[in-house]
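**Q** Structure of the sequence below:
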Amino acid sequence: QVQLVESGGGLGQAGGSLRLSCAASGSTFHNYHMGWFRQAPGEERDVVATISWIDSNTYYVDSVKGRFTISRDNAKNTVYLQMNNLKPEDTAVYYCAGKIDRTQLRALMWAHEFDYWGQGTQVTVSS
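**A** Reported below is the predicted structural model:
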């Protein structure tokens, strides 16, 4: 079992940047698919970006393509979400998620595919 702790959220301005980090416990981080999801008030939790356990294959929701970048540092047990050109509609609680599945080489796409979740970090983008 892995524990995930997000950091880096806060207040950003439209057009600005923020970087989220998610630190994972344990020694098997390199076996985990990782992902970032977000949930705005009154809405469902939706995928933002995911990265596979091998080859760092990535998936992005269309609304963040070209603006957000997911990356991982297995030596530091950390996954990042670099968010550039922020928009007010990016305002949400952002969650880090993890899943062990070495049979799957593609980046996962759905919340139900992930087993472990962080507590979330608030991102608020002002216009």
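**Q** Please make it C-alpha for all contacts and neighbour counts, starting now.
**A** Fine.
**Q** can you tell me which residue is nearest the centre of this structure?
**A** Geometric centre of the chain, nearest residue: residue 36, 1.9 Å, by C-alpha atoms, centre = their mean.
**Q** per-residue confidence for the closest residue to residue 18 other than its chain neighbours?
**A** In space, and not counting its chain neighbours, residue 18 is closest to residue 83: 5.2 Å by C-alpha to C-alpha, 6 or more residues apart in numbering. With respect to pLDDT, residue 83 has a value of 98.
**Q** Quickly list what residue 83 is bridged to.
**A** Bridge pairing for residue 83 (DSSP bridges) gives the partners residue 18, residue 68.
**Q** Can you report how many residues lie near it?
**A** By the measure other C-alpha atoms under 10 Å, the count of residues near residue 83 is 20.
**Q** Please name the residues that touch it.
**A** Shown in contact with residue 83 (C-alpha atoms under 8 Å, 6 or more residues apart in numbering): 17-20, 67-69.
**Q** Export those residues as TSV, with columns for neighbour count, distance to residue 30 and pLDDT.
**A** Formatted as TSV, the contacts of residue 83 follow (neighbours: other C-alpha atoms under 10 Å; distance: C-alpha to C-alpha, whole Å; pLDDT from 0 to 100):
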residue	neighbour count	distance to residue 30	pLDDT
17	17	27	98
18	19	25	98
19	16	21	98
20	21	19	98
67	14	25	98
68	20	22	98
69	19	19	98
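**Q** which one of the residues you listed sits closest to residue 8?
**A** Distance to residue 8 across the contacts of residue 83 (C-alpha to C-alpha) is lowest for residue 20, with 4.5 Å.
**Q** Next one: the closest residue to that closest one other than its chain neighbours from residue 66, what distance?
**A** Spatial nearest neighbour of residue 20, excluding adjacent residues (C-alpha to C-alpha, 6+ apart): residue 8 at 4.5 Å. For residue 8, the distance to residue 66 equals 20 Å [C-alpha to C-alpha, to the nearest Å].
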